[in-house]
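> Here's my sequence, what's the structure:
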Amino acid sequence: MSFHSSHPKPAPTGLERLLDEPSLLGQTGRLGLLTHPAGVTQTLLPSALALLQRGFPLERLYGPEHGIDGSGQAGEAPEVQADRTTGLPTHSLYEKSLGEMADLIGQVDTLLVDLQDVGVRFYTFVSTLVQVLEAAQQKGVRVVVLDRPNPLGFRVEGPVLQPAFRSFVGMLEIPLRHGLTLGECGRLVHPGLEVIPCNPQTPFGLGGLPWVPPSPNLPHPETVHLYVGMGLVEATLASEGRGTALPFQVAGAPGLDAPALAARLNALKLPAVRFRPTYFKPTFSKHQGVLCAGVQVHLLELPQEALPIGLAVLGALAEQGVRILPDWWQKLLGIPFAPDLLYPDTALERTRLWADQARKYALEALQPIWLYPRSGF
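Model (predicted):
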């Protein structure tokens with residue numbers, strides 16, 4: 001059974017709706033919660049604490065990549081024995097085998113999922129949900145997703161994942177910018193998944209939902225828009241800005257010609273963006289403590305098309321000799337690597353072709369799992 005968005009005044013998040021209408025959940029038995037620091041109410045109350053205060057019999061917490069407390073960097077999930085706010089026992093589900101995950105989830109009867117996704121296929125929370133659904137099915141555990149808005153909205157961009165490149169950074173055959181909520185992603189795996197809906201049009205930031213970074217390198221909602229494309233810089237030996245104050249807003253490497261790089265990119269006249277030469281020393285990750293030359297990406301407005309920015313930056317870096325990592329590229333983009341994908345001058349044309357294909361795919365293959373009406377995506 002799924003809950004649909006027929007609520008007269010939809011709450012901004014599934015969590016808020018459940019707090020308003022506890023009867024939606026019915027009988028739970030032993031109750032667990034998969035969450036992280038971005039799982040909060042509009043008043044910034046952690047979801048676990050809010051549920052306990054409302055009388056839900058919450059017994060234990062689970063965390064994805066970056067950990068239940070959000071302190072882990074990319075590829076990390078620090079184990080925390082007890083949640084510091086509620087005192088509940090906690091378990092990391094990141095990098096666990098399916099059997100290990102099933103044993104951990106099997107300690108509860110009902111698992112609530114309250115994760116803030118960011119709408120990009122290679123962000124790992126969707127993959128964690130996919131694994132959770134499989135593990136829960138093994139143990140007969142009920143899963144209920146407390147849905148949250150996609151900060152990138154319903155717009156789709158990029159190629160659809162080809163099954164040959166399925167990995168933990170891409171488990172579902174969806175476009176790179178997929179235009180789905182977490183609950184809708186889960187319905188691709190189990191169409192009958194229980195989802196307590198949100199108001200998907202709720203904005204983030206001033207006047208909207210508070211932005212709590214769902215991972216350490218997405219500090220602002222604007223960063224998420226750049227992440228769609230600039231996340232691809234991970235598939236190079238250049239820094240994508242991890243270890244700086246501007247993750248996914250700067251890119252560079254030692255010895256590059258920063259003014260020439262910025263001039264090359266500005267000559268493309270990509271919409272909504274300008275590039276500035278910059279120099280930085282990452283404090284961790286690639287080129288830790290080494291001076292890098294590169295560009296800072298400045299948004300003039302929120303881009304309707306975000307992928308061309310990253311694809312053009314990748315191509316311009318390659319022109320200056322930055323090494324591309326084809327295997328990682330294929331996992332992130334979800335299609336075979338080809339050198340002509342790196343031509344900066346064709347980045348906008350290529351990504352618009354992908355977007356057209358993604359919209360057609362969404363209408364044909366994804367529409368059956370949509371929980372919310374959309375148009376103009």
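> what about the strands in the chain?
Applying DSSP state E to the chain gives strands spanning 31-35, 58-63, 90-92, 110-114, 142-146, 157-160, 175-177, 194-196, 250-253, 273-280, 292-299.
> what helices or strands is the last one leaning on?
Right, the one you point to is strand 292-299. helix 221-230, strand 250-253, helix 258-266, strand 273-280, helix 307-319 (3 or more C-beta pairs under 8 Å, 6 or more residues apart in numbering; DSSP states H and E). (Each C-beta comes from the backbone N, C-alpha and C, glycine too.)
> Run the chain-centre distance for that strand.
Distance, stretch centre to chain centre, for strand 292-299: 22 Å (C-alpha atoms, centre = their mean, to the nearest Å).
> ok so, going back, hey, least reliable of the strands of the chain by pLDDT?
Sorting the strands of the chain by mean pLDDT places strand 90-92 lowest, at a mean of 92.
> ok, residues contacting stretch 356-371?
Here stretch 356-371 makes contact (C-beta atoms under 8 Å, 6 or more residues apart in numbering) with 2, 4-5, 147, 156-160, 173-181, 183-184, 187-188, 191, 195, 197, 377.
> Give me the buried entries from these.
The neighbour-count test (16 or more other C-beta atoms under 10 Å) marks 2, 147, 156-160, 173-181, 183-184, 187-188, 195, 197 as buried among the contacts of stretch 356-371.
> so where is the stretch 51-200 of the chain shaky, pLDDT-wise?
67, 70-72, 76-77 (pLDDT under 70).
> what are the ranges of the helices in it?
Along the stretch 51-200 of the chain, counting by DSSP state H, counting those that start in this stretch, helices occupy 98-105, 125-139, 182-189.
> Next, the residues that contact stretch 198-211 from outside, please.
Residues contacting stretch 198-211 (C-beta under 8 Å, 6+ apart): 5, 10-14, 16-17, 40, 42, 44, 147-151, 153-154, 181, 220-221, 372.
> Let's see that with 6 Å instead.
10, 12, 13, 14, 44, 147, 148, 149, 151, 221, 372 (C-beta atoms under 6 Å, 6 or more residues apart in numbering).
> Alpha carbons only: can I get that stretch in CSV?
Once non-C-alpha atoms are left out, stretch 198-211 reads as follows in CSV (Å, rounded to 0.1, in the frame of the first residue of the first chain):
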residue,chain,number,x,y,z
CYS,A,198,5.7,15.2,1.1
ASN,A,199,4.9,18.5,-0.7
PRO,A,200,7.5,18.1,-3.5
GLN,A,201,7.4,21.7,-4.4
THR,A,202,8.6,23.0,-1.0
PRO,A,203,11.8,25.0,-1.6
PHE,A,204,14.9,24.9,0.5
GLY,A,205,16.8,27.8,2.1
LEU,A,206,15.3,31.2,3.0
GLY,A,207,11.5,31.0,3.1
GLY,A,208,11.5,27.2,2.7
LEU,A,209,12.8,24.1,4.4
PRO,A,210,16.0,24.5,6.4
TRP,A,211,19.1,23.2,4.5
